[in-house]
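Chemist: The following comprises the amino acid sequence and a computationally predicted model.
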Amino acid sequence: MTDSQPTSAGDESATEAATGAAEPEVVHGCPVSWSRGQQVVHVTKDGYRELVAALHADGFTFCADITAVDYLAHPDRAVPGSVRAERFEIVVNLLSLEQRRRIRVRAQVPEGDPAVPSLFDLYPGTEAMEREVFDLMGIVFEDHPDLTRILMPEDWEGHPLRKDYATGRVPVQFKEAPAQR
Amino acid sequence: MSETDADLAAETSEQSQEMRSRSETDPIELLREQGAVLRLPEGPALDAEDFNVEATEDETMILNMGPQHPSTHGVLRLMLELDAETVLRTKPIIGYLHTGMEKTAEELMYVQGCTNVTRMDYVAPMFNECVFSMAVEELLEIEVPPRATWIRMLMCELTRMSSHLLFLATNGLDLGAISMIFYGWRERELLLAFFEKATGLRMNHNYIRPGGVAADLPAGWREDVLDICAAVEPRLHQYDTLLTGQPIFRERTEGVAVINAEQANALSATGPMLRSTGVSWDLRRDIPYQFYDQVDFDVVVGTYGDAFDRYAIRLNEIRESIRIVRQIADLMPAGDYRVQDKKVTPPPRARIDESMEALIHHFKLFTEGFKVPAGEVYVAIESPRGELGCYLVSDGSAKPYRCHIRDPSFANLQTLPILLRGGLVADAIAAISSVDPIMGGVDR
C-alpha cells in the first residue's frame, strides 16, 4: 500500500518521517490519520488527483461518495503532516469491493481558488455527486463534462451549504385562536 | 392570469441543466449522455469526433417525460432524445423535491436530527434514522445495548420488506399489472400497522435515535411480527403466479434496461442495481455492521442485469428478510432498549416527578442537547436501495457541523442513460421502475 515515491503533496511529510521518532503513516506520500477507526488520507489540492488515481490503481475502484465541508468557523483545525488547513474540504469515500475496505480522502481547497480536478474519467459515477458539490458548495470541478446546478434552480444565487450563506428566518407570530365554527 | 405558453416555458425552464440538442452539446457530455464513456475503455480520453453519431439532428426530437409523469415515481424529469420510438440520449433532471435537508440538519440538535433525516428516503425511513444514529454513536464513542441493536435490525428488516413490497406494487402498476398494486399495498399495510403500534407513526417514525430506540417494543410484538411473516410469505408465492410466471410481465422486463457489472460499478450503483449484474455485494454480509454476522441469510444475486433480475432480487430479498426477522424474534435478548447514559438519553417519565437531577437532565437534553466530541465519520448501511451513508462532522457542539447523507437512489439514477439507451419509450417506464428511485432521498 505505502508508496515510497513522495508526491508533491507529501514531500515534506516524507522528510519528517525520516527524522521523526515515530514514523507517521503515509499512503502514496500523503499523511494518514485515523478517525474513529476509519482511515483518512489528507492531501492538498495539487496532489488530490494523483492520490485518487493511485488509490484507484490500488483497487479502490468504487467511489461511494463525494461531498464537501465548509470549515469557515474552524480555520486552524488540526490536519496532519505538511498539509495546510484551508476553508473547504473535498471528502471522497472510496471503497474496494475486493478488499472489503474503505478509505477516505480529504482534500484541502483554498477559499481564493475553489477548484479541483474532476474525477469523472476515473469514476464516471462522480458526475452527479460533483455537480451536487458544485451546486451546494460552489467548488468548481475542472474538466467535468457538464458542471451545472443539479438540485437548485439554474438562476439561484449563492451556494446554500456554505457557512456564510444566510439561512433566513420566518418570524413566528402567535395569532389568537380562530373562532369556533 | 393570462400566461402565454412561452411565459410558462420560461418560468419552468431549468436552462443549462436541461438536455440540449446535439449541435449545442459538448462532445464529452454527448458521449456521457450516450453512455459511451463507459463502453469505451479510455472513456472521454477518446476523441469525441471519432465516435459514431448515429442520427442527424433533424431526425430526432427531444421530449420531456415528467416531472408529472405518473411512472416517474414522484418528481423525476427525464429529457429524452428520441428517434421515433427509440431512446437515444437521456438526461435525468432532479431537484424538484429539494428542501435543503442537509442545511436543515446543521440547524438541528443531534436529538432532533432523526426527525429530519427520516424524511429523506420516506419509503425506508428506519434506515435513515439508523445510519444517522450510528454515525452519532460513532462520534460519541458509545455502544448501544444489544437489545437496542436487535430492535434496530428487526425494524430495518421489516422496513426493507415494506419498501420492497411498495416496489413490487408500483413495478406491477407501471407495467400494466394493475392488480399488483392492491396486493402490494395490502401487505405493506400490515407492516405499517405494526410500525404504528411500535412507534406511534406509520411513516417518518423517529423511532431509532442516538443511544438506542425511542421506546421498547410493544407487548405482543413477537406474535405480531411472526403473524406478519406468516401472512406475507404465502402471498409471495401468489406474486410468483401473478408476475414471475406471467408471459406478458416477462416479455416486458426480460432483457430490458440491461446494465453490466463494469457499468454499475463505475456509476457507483449499489443495492439491487449492482447485485442484478452478478456482483455479490451486500454490506450486511461483506462489511458487517450491527449483528448481521450472527444471523443467517443469503445475498440474492442476478445474472443478466435486466429489469426482471432486479424484480426477482427484490422479491427474494423479502423472503430473506422474513428469514432474518424470524431469527431475530428468537434471538432478541432482554435488557435496555437505550443506553443508560443520562447525557444522551432522556430519563424515564416517572423519574422526572421524583428526582430533581432527572428533571435537570431532561430539561438540558431537550433545550441544549448533548455535545458530541469533535471528529468526522462515515457510516454506511445496506438500505433497500443500496449503500446508504452518513458523513457526519462534529465540531464539539450540540449540532452537527455538517451532515451529508449518501443516498443510494441519487447514485443509482445515473444509470438511467445506460438503461434507457436503445430501448423504446415503453421500456423506459420499466427501466425507471426497476431502479426504484425515491425522489425524497435523491433531492434531499
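Modeler: Received it, and whenever you're ready, just let me know what you need.
Chemist: Point to the residue nearest the middle of chain A.
Modeler: A:I90 (1.3 Å; CA atoms, centre = their mean).
Chemist: can the host helix or strand of that one be found next to chain B?
Modeler: Element membership for A:I90, per DSSP states H and E: strand A:88-96. Yes. Judged by CB under 8 Å from any CB of the partner chain, strand A:88-96 and chain B are in contact via A:91, A:93. From N, CA and C alone the C-beta is placed, and that goes for glycine too.
Chemist: and B:F370, how many neighbours?
Modeler: For B:F370, the count of nearby residues is 20 (other CB atoms under 10 Å in any protein chain shown).
Chemist: That one touches B:V344, doesn't it?
Modeler: Yes. With contact defined as CB atoms under 8 Å, B:F370 counts as touching B:V344 (5.4 Å).
Chemist: Sheet-wise, list the partners of the strand holding A:I90 with their directions.
Modeler: Strand A:88-96 pairs in its sheet with strand A:62-70 (antiparallel), strand A:101-109 (antiparallel), by DSSP bridges.
Chemist: Do a quick rundown of the helices in chain A.
Modeler: A:11-19, A:48-57, A:126-137 (DSSP state H).
Chemist: For my notes, please list the ones you listed in TSV and give distance to B:Y391 for each entry.
Modeler: Formatted as TSV, these follow (distance: least, CB to CB, whole Å):
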stretch	distance to B:Y391
helix A:11-19	25
helix A:48-57	17
helix A:126-137	12
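Chemist: Let me know which of those helices is the nearest to A:W34.
Modeler: Set against A:W34 and scored by CB to CB, these come closest in helix A:11-19, at 15.7 Å.
Chemist: How about the contacts made by whichever residue of chain A sits closest to chain B?
Modeler: Using CB to the nearest CB, the closest approach of chain A to chain B is made by A:G125 at 3.1 Å. Contacts for A:G125 (CB atoms under 8 Å, 6 or more residues apart in numbering or on different chains) come out as A:63, B:266-269, B:411, B:414.
Chemist: and which of those residues is nearest B:D216?
Modeler: Sorting the contacts of A:G125 by distance to B:D216 puts B:A411 at the head of the list, at 35.8 Å, by CB to CB.
Chemist: if I read this right, that closest one contacts B:T270, doesn't it?
Modeler: Yes. B:A411 is within contact range of B:T270, at 6.8 Å (criterion: CB under 8 Å).
Chemist: between the two, who's got more neighbours?
Modeler: With neighbours defined as other CB under 10 Å, B:A411 and B:T270 compare such that B:T270 has more, 30 against 27.
Chemist: per-residue pLDDT, that one?
Modeler: B:T270 carries a pLDDT value of 92.
Chemist: Could you pull up the contacting residues of the closest residue to the residue of chain A closest to chain B other than its chain neighbours?
Modeler: Nearest non-adjacent residue to A:G125, counting by CB to CB, 6 or more residues apart in numbering or on different chains: B:S268, 3.1 Å away. Shown in contact with B:S268 (CB under 8 Å, 6+ apart): A:62-64, A:123, A:125-126, A:129, B:411, B:414.
Chemist: Buried only: go through the residues you listed for me.
Modeler: Buried members of these, scored by 16 or more other CB atoms under 10 Å in any protein chain shown, are A:62-64, A:123, A:125-126, A:129, B:411, B:414.
Chemist: returning to that earlier point: kindly indicate which of the contacts of A:G125 lies nearest B:V111.
Modeler: Using CB to CB, the contacts of A:G125 come closest to B:V111 at B:A411, 29.4 Å.
Chemist: Tell me which helix or strand the closest one sits in.
Modeler: Element membership for B:A411 (DSSP H and E) is helix B:408-412.
Chemist: And chain A, is that helix touching that?
Modeler: Yes. Using CB under 8 Å from any CB, we find that helix B:408-412 touches chain A at B:410-411.
Chemist: same thing with stretch B:280-290?
Modeler: Yes. Using CB under 8 Å from any CB, stretch B:280-290 comes into contact with chain A via B:281, B:286-287.
Chemist: how far away is B:Y311 from B:A177?
Modeler: Counting by CB to CB, to the nearest Å, the gap from B:Y311 to B:A177 is 11 Å.
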